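K.L.:
need a 3D model of the following:
(one chain, ligands or ions: 1)
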Amino acid sequence: MTTGPIGVFDSGYGGLTVLKEIKTALPGYDYIYLGDNARAPYGSRSFDAIYHYTLQCVEWFFKQGCPLVILACNTASAKALRSIQQLNLPKIDPSKRVLGVIRPTSEIIGNYTHTNKIGVLGTAGTVQSLSYLIEIEKFFPEIKVYQQACPMWVPLVENNEYNSGGADYFIKKYLDHLLSQSNEIDTILLACTHYPLLIDKIKAYLPSGISIVSQGEIVAKSLVNYLDRHPEIEKNCTRNGHSVFFTTDAAEDFVQKATIFYGSPIHAEHLAL
Ligand code: DGL
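P.N.:
Numbers count the residues shown, from 1 in each chain. As a prediction, the model looks like this:
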């Protein structure tokens with residue numbers, strides 16, 4: 001039985017917003033973060049591509065000794081997680097675990113709405129997968145979910161345009177599309193790692209009375225709970241308070257942009273997969 005850090009995976013930088021919250025909730029553990037920046041964005045890629053890339057990264061985490069890998073990326077959680085859990089994990093190592101962000105969010109999203117009408121904003125891949133509709137239905141069958149893909153929001157954040165006047169057009173456009181589906185939506189879920197950076201602008205274009213839910217804290221709380229309930233996994237997670245960061249693209253670029261997402265400077269290494 002190997003012991004090691006908790007792996008946190010994303011297509012790029014966005015998962016750093018999730019890791020930040022996880023580390024706040026569980027500061028004592030060791031973490032390895034991998035951003036597959038060389039192949040990002042995942043949001044517009046096919047099921048096969050996302051599954052293949054995500055599986056390759058999960059196998060790398062396992063080689064580093066990770067007993068548990070969190071897919072912090074919504075698109076990877078939507079398109080690759082189930083296949084990896086059901087087809088690959090039993091063959092690779094049944095004692096290891098891979099978890100995503102969609103289930104923990106779906107489990108509690110019903111606590112935020114009074115009208116039982118929720119809006120979900122995500123990448124085209126997440127929206128097309130219908131994963132949130134399927135998962136939320138399991139926990140809250142009375143809730144109606146409305147979705148909207150926001151393909152321009154990730155590029156706006158990645159190109160540091162998220163605070164610019166240019167961002168306003170696309171923020172308003174996708175919010176209008178979402179809200180035109182129902183005037184009873186009272187809760188909007190930011191189902192993409194990048195969207196918390198747009199939260200101020202999103203708020204500015206929403207009528208009052210609509211709450212916005214970001215995932216980082218939800219995923220962190222759910223992980224605390226998971227480790228409590230699964231001592232057989234928890235005991236294999238090392239606890240020296242160390243975090244290391246890898247990217248499949250240039251480390252210098254990653255380090256430069258990472259601060260926006262993580263809130264503090266990091267050191268990163270390039271990983272050739
Ligand atoms: N990390 C992705 C997500 O949460 C967004 C970025 C991408 O499209 O790769 O869906």
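
K.L.:
quick one: is the strand or helix carrying Ile108 near the ligand?
P.N.:
Element membership for Ile108 (DSSP states H and E) is helix 102-108. No - against the ligand, helix 102-108 shows no contacts by CB under 6 Å from any ligand atom, the least distance being 10.1 Å. Backbone N, C-alpha and C define where each C-beta goes, glycine included.

K.L.:
tell me which other helices or strands that helix touches.
P.N.:
helix 74-79, helix 131-139, helix 216-229 (3 or more CB pairs under 8 Å, 6 or more residues apart in numbering; DSSP states H and E).

K.L.:
mean confidence for that helix?
P.N.:
The predicted model assigns helix 102-108 a mean pLDDT of 98.

K.L.:
what sits against Met102?
P.N.:
I think there's a mix-up here, since residue 102 is Ile and not Met. Ile102 makes contacts with 74, 77-78, 81, 131-132, 135, 191, as judged by CB atoms under 8 Å, 6 or more residues apart in numbering.

K.L.:
could you do Ile109 as well?
P.N.:
Contacts of Ile109 by CB under 8 Å, 6+ apart are 118, 136, 139-140, 143, 187, 189, 213.

K.L.:
which one (most neighbours) among those residues?
P.N.:
Among the contacts of Ile109, the one with the most neighbours (other CB atoms under 10 Å) is Leu189, at 27 neighbours.

K.L.:
Ile266 in helix, strand or coil?
P.N.:
coil (DSSP: H, G, I helix; E, B strand; the rest coil).

K.L.:
ugh, typo on my part, it should be Ile118
P.N.:
Strictly by three-state DSSP, Ile118 counts as strand.

K.L.:
wouldn't it be in contact with Val145 here?
P.N.:
Yes - using CB atoms under 8 Å, Ile118 makes contact with Val145 at a distance of 5.3 Å.
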